[in-house]
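Novice: Quick check, what structure comes out for this input:
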Amino acid sequence: MKPLAEFAAILNPEDNVATALKEIECGEYIQAEWKLAVREKIPAGFKVSLADLKKGDSVIKYGYPIGIATVLIAPGDIVHTHNITSTVKTRS
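Specialist: Numbers count the residues shown, from 1 in each chain. Okay, here's the model as predicted:
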């Protein structure tokens, strides 16, 4: 098992996703006292789910909701535009 902190950043203790600092390969990672099985390659800059996210659940990053899950997302899955809808408002 590899420490998740070497590969990803959790920006707030309430986050349910981590951001990949570099590519994360499939395999097992450990963070504090829990294990995460990454089931697909996560490119640098992308998010990886740290928890079960059901359809309609908020995706939390920076301690704030940044999106809504559009499908079931398992821990270790990539989190991106194919499985969430953004709730981030942009300035006009």
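Novice: Just the pLDDT for Arg39.
Specialist: pLDDT recorded at Arg39 is 88.
Novice: dump the residue contacts of Pro65.
Specialist: Counting by Cβ atoms under 8 Å, 6 or more residues apart in numbering, Pro65 touches Ser58, Val59, Thr87. (C-beta placed from N, C-alpha, C; glycine too.)
Novice: Is it correct that the first one is in contact with Val79?
Specialist: So that's Ser58. No. Applying Cβ atoms under 8 Å as the test, Ser58 and Val79 come out as separate, 11.7 Å apart.
Novice: Name the residues contacting each of the two.
Specialist: Counting by Cβ under 8 Å, 6+ apart, the shared contacts of Ser58 and Val79 are Gly67.
Novice: So which of the two has more stuff around it?
Specialist: More crowded of Ser58 and Val79, by other Cβ atoms under 10 Å: Val79, with 24 against 15.
Novice: separation between the nearest residue to the more buried one once chain neighbours are set aside and Leu53?
Specialist: Excluding its sequence neighbours, the residue lying closest to Val79 (Cβ to Cβ, 6 or more residues apart in numbering) is Lys47, at 4.0 Å. Separation of Lys47 from Leu53 (Cβ to Cβ, to the nearest Å): 11 Å.
Novice: Pro3 now?
Specialist: Going from Pro3 to Leu53 by Cβ to Cβ gives 23 Å.
Novice: out of those two, which sits in the more crowded spot?
Specialist: Neighbour count, other Cβ under 10 Å: between Pro3 and Leu53, Leu53 has more, with 26 against 11.
Novice: residue contacts, that one?
Specialist: With Cβ under 8 Å, 6+ apart, Leu53 has these contacts: Asn16, Val59, Ala69, Leu72, Ile73, Val79.
Novice: Please apply the same query to Gly45.
Specialist: Going by Cβ under 8 Å, 6+ apart, the list of residues near Gly45 reads Thr19, Ala20.
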